[in-house]
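quick one: sequence and predicted model below, then my questions.
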Amino acid sequence: MPSSQFQLSHSGLCLCGTPDTTFGANGTWLSPRQSFAKARGIVETIKFEAAKATIKVHHLRGNIAVLEGSGGNIAVRVGRAGKVLVDAGIAVSRPQVASALATLGPEPVTHLINTHWHFDHADGNAWLHELSPTIIAHENTHRHLSTTQRVEDWDFDFVPLPEAALPTEVFATDHCLSLDGTTLALRYYGPAHTDSDISVHFEEPDVLHVADTYWNGVYPFIDYSTGGSIDGSIRAAEANLAQATESTIVIPGHGFPVSDRVGLQRFHEMLVTVRDKVAALKAQGRSLEEIVAARPTAAFDEVWGQFVITPSLFTRLVHEGV
């Protein structure tokens with residue numbers, strides 16, 4: 001990978017900037033917020049790329065497909081009654097997402113499930129609501145989408161979605177849908193990547209969408225501003241392992257669009273190992289700068305450290321929670 005780019009080519013997203021932005025030009029320490037701002041503004045950059053991204057359609061099993069390229073991976077289940085979407089992508093991708101949906105058949109979009117509140121998963125509500133689906137989400141997702149949210153590590157304030165684009169069916173713990181012979185089990189993790197994350201299990205075909213509790217092959221973002229933490233992320237990874245079988249197709253929030261239980265195990269191992277290393281260094285009284293310099297992620301960087309969440313930034317995010 002060129003050193004001058006953030007790139008995740010398999011998702012259609014390329015974030016141009018300096019990949020390791022932990023230190024400024026004068027050698028001073030930069031917070032994650034400053035680092036992201038330095039990289040042109042992460043939110044604006046992602047939206048800019050999403051507006052021109054090609055949407056790839058990956059067919060799985062049980063009439064389920066994944067749309068890759070607009071923010072998080074979007075799952076689509078096509079049935080006699082219509083299409084069920086898991087996540088909505090980014091609104092600027094509307095033309096490409098609409099075209100991709102059309103290739104899956106003429107059925108209307110009847111249900112939209114938001115796995116959590118982040119813009120790269122729920123911003124598309126702004127146009128998908130025009131198709132009049134039932135929009136389903138955890139109650140915390142509804143709360144975050146209906147009020148202004150600030151993510152400090154992105155240095156960005158997200159304004160509320162229009163009322164018509166908000167979830168219309170909310171739940172506190174678990175929720176179940178039965179559509180055209182397929183059971184969809186929605187489960188709340190508790191605070192994890194955020195405080196609003198859910199999984200969606202298409203039970204009969206055994207396809208599990210775990211959204212941003214699993215980033216396949218890239219370090220994850222952890223949103224402490226809305227209840228996320230490294231320990232919560234580890235608990236969510238353990239819940240995913242408990243739910244998945246050897247035959248389960250796992251859809252991550254980001255990364256290659258499908259994975260499996262082995263991929264979940266590798267992600268869990270990475271989270272636990274980095275967390276323990278950072279915690280040990282912090283317990284020794286090391287400063288944040290010293291901990292980053294010690295490279296507690298080194299064993300994983302070649303595989304996991306090639307996206308916008310750089311090794312140094314991921315170390316800082318872990319440090320914040322231990």
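That came through, no problem.

surely residue 312 and residue 292 touch.
Yes. Using C-beta atoms under 8 Å, residue 312 is in contact with residue 292, at 5.0 Å. For the C-beta atoms, the positions are set from N, CA and C on the backbone; glycine is no exception.

count of neighbours near residue 282?
As a burial measure, residue 282 scores 17 neighbours (other C-beta atoms under 10 Å).

tell me the helices and strands packed up against whichever strand or helix holds residue 127.
According to DSSP states H and E, residue 127 maps onto helix 125-128. Judged by 3 or more C-beta pairs under 8 Å, 6 or more residues apart in numbering; DSSP states H and E, helix 125-128 is in contact with strand 109-113.

contacts for the strand it packs on, please.
Applying C-beta atoms under 8 Å, 6 or more residues apart in numbering, the external contacts of strand 109-113 come out as 81-88, 101, 125, 128-129, 131, 133-137, 177, 179, 184, 186, 198, 200.

which parts of the stretch 201-322 of the chain are helices?
With DSSP state H, counting those that start in this stretch applied, the stretch 201-322 of the chain shows helices at 230-243, 261-283, 288-293, 301-304, 311-320, listed in chain order.

will you turn these into a markdown table that also has mean pLDDT and distance to residue 50?
Converted to a markdown table, the helices of the stretch 201-322 of the chain look like this (pLDDT from 0 to 100; distance: least, C-beta to C-beta, whole Å):
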| stretch | mean pLDDT | distance to residue 50 |
| --- | --- | --- |
| helix 230-243 | 98 | 24 |
| helix 261-283 | 98 | 24 |
| helix 288-293 | 98 | 30 |
| helix 301-304 | 96 | 23 |
| helix 311-320 | 97 | 21 |
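
which of those sits most buried?
Sort the helices of the stretch 201-322 of the chain by mean neighbour count, taking mean count of other C-beta atoms under 10 Å, and helix 311-320 sits at the top with a mean of 23.

pull out the buried residues from the contacts of strand 109-113.
Among these, those buried by neighbour count (16 or more other C-beta atoms under 10 Å) are 82-88, 101, 125, 128-129, 133, 135-137, 177, 179, 184, 186, 198, 200.

quick one: which of those sit in strands?
Taking DSSP state E, the ones among the buried ones among the contacts of strand 109-113 that sit in strands are 82-86, 135-137, 177, 179, 184, 186, 198, 200.

nearest to residue 149, of the residues you listed?
Comparing these against residue 149 with C-beta to C-beta places residue 137 closest, at 14.2 Å.

I'd say that closest one and residue 170 touch.
Yes. Here residue 137 lies in contact with residue 170, judged by C-beta under 8 Å, at a distance of 6.0 Å.

give me the common contacts of the two.
Taking C-beta under 8 Å, 6+ apart as the contact criterion, no residue touches both residue 137 and residue 170.
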